[in-house]
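Chemist: mind folding the following:
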Amino acid sequence: MLETATRPASPGFAARCSRALLSPRSRLSLLVLILLAAATAMVLLQPQRLLSSDLPPALGGGAAVVLFGVAYGLCTAAFVPRPLLNLAAGALFGTAAGLGASIAGTVIGAGISFGLGRVLGQEALRPLLRGRWLKAADGQLSRHGFRSMLALRLFPGVPFAAANYCAAVSRMGWTAFLVATGVGSLPNTAAYVVAGSTASSPTSPAFLIAMGFIVVTGLSAAAVAWRRRHRLHDR
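Modeler: Have a look, this model is predicted:
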């Protein structure tokens, strides 16, 4: 009787279900489902077309810019290509307001992705960081978060979503991630916004300079990626 009385009670069914649902693997599975749903919605709904069309007449001025920035962030988190959104921002709002909406949307979208990756994927993915390149990337982002993320954002060859989730798995802080994203995304974003705002005058100096910047940075990114690929192949 004494042994029966002092034996610890086994956890109930609700507690076991709660632990299972909150386990790292369950949260990672939820993250995968969210990303698949977002990618599917992007393919089927094509929200970039809605943002590139005229906004409702009732929305004007600052309200339209704010709404566009929020929608930009949600679309970015759903893998809508940022160049299309930047061109639409320039065409709809001009250079200054379009750039503000695009940078705000970029930071919002990056924050959503970073938060999802940090809450749902970090605990499950960190034990998998065993490869030399993965460990090096994790160490760089964890120790030199702002500087590393700034370089990734300035380099247009690194996919935006990939950088978000790599940073989320690392120990990089929120502030460094968001500030580096906003500052580092500024040059390339500005080029696309200017191109969108001056697309009606394709021979204007602003449009030609913006397009030249886009082409040069794109070719540079392709060349660096090609060189790195061949170095890895040679090893």
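
Chemist: use CA for all of it now, contacts and neighbours both
Modeler: Will do.

Chemist: who are the packing partners of the lengthiest helix in the chain?
Modeler: What stands out as the longest helix in the chain, according to DSSP state H, is helix 82-116. Here helix 82-116 touches helix 47-52, helix 62-77, helix 160-169, helix 174-184, helix 186-197, going by 3 or more CA pairs under 8 Å, 6 or more residues apart in numbering; DSSP states H and E.

Chemist: deepest in the core, which of those is it.
Modeler: helix 186-197 (a mean of 24; mean count of other CA atoms under 10 Å).

Chemist: which elements pack onto that helix?
Modeler: helix 82-116, helix 205-234.

Chemist: coming back round to it: mean pLDDT added to the helices and strands packed on helix 82-116, as JSON lines?
Modeler: Below are the helices and strands packed on helix 82-116 laid out as JSON lines (pLDDT from 0 to 100):
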{"stretch": "helix 47-52", "mean pLDDT": "62"}
{"stretch": "helix 62-77", "mean pLDDT": "90"}
{"stretch": "helix 160-169", "mean pLDDT": "87"}
{"stretch": "helix 174-184", "mean pLDDT": "94"}
{"stretch": "helix 186-197", "mean pLDDT": "95"}
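
Chemist: so which of these is nearest residue 36?
Modeler: Residue 36 sits nearest to helix 62-77 of all the helices and strands packed on helix 82-116, at 11.6 Å, using CA to CA.

Chemist: surely residue 221 and residue 156 touch.
Modeler: Yes: shown here, residue 221 and residue 156 form a contact pair, counting by CA atoms under 8 Å, at 6.2 Å.

Chemist: more neighbours, the two?
Modeler: residue 156 (19 against 15; other CA atoms under 10 Å).

Chemist: what sits against the more buried one?
Modeler: By CA atoms under 8 Å, 6 or more residues apart in numbering, the contact list for residue 156 reads 188, 217, 218, 221.

Chemist: separation between it and residue 71?
Modeler: 22 Å (CA to CA, to the nearest Å).

Chemist: pLDDT score for the nearest residue to residue 155 once chain neighbours are set aside?
Modeler: Nearest-residue entry for residue 155: residue 221, 6.9 Å, with adjacent residues in sequence omitted and distances by CA to CA, 6 or more residues apart in numbering. What the model reports as pLDDT for residue 221 is 77.

Chemist: quick thing: my sequence starts at 132, can you match it?
Modeler: From this message on, residue numbering opens at 132, which makes the last subject residue 352.

Chemist: quick revisit: which of the helices and strands packed on helix 317-328 has the lowest mean pLDDT?
Modeler: helix 336-365 has the lowest average pLDDT among these, namely a mean of 78.
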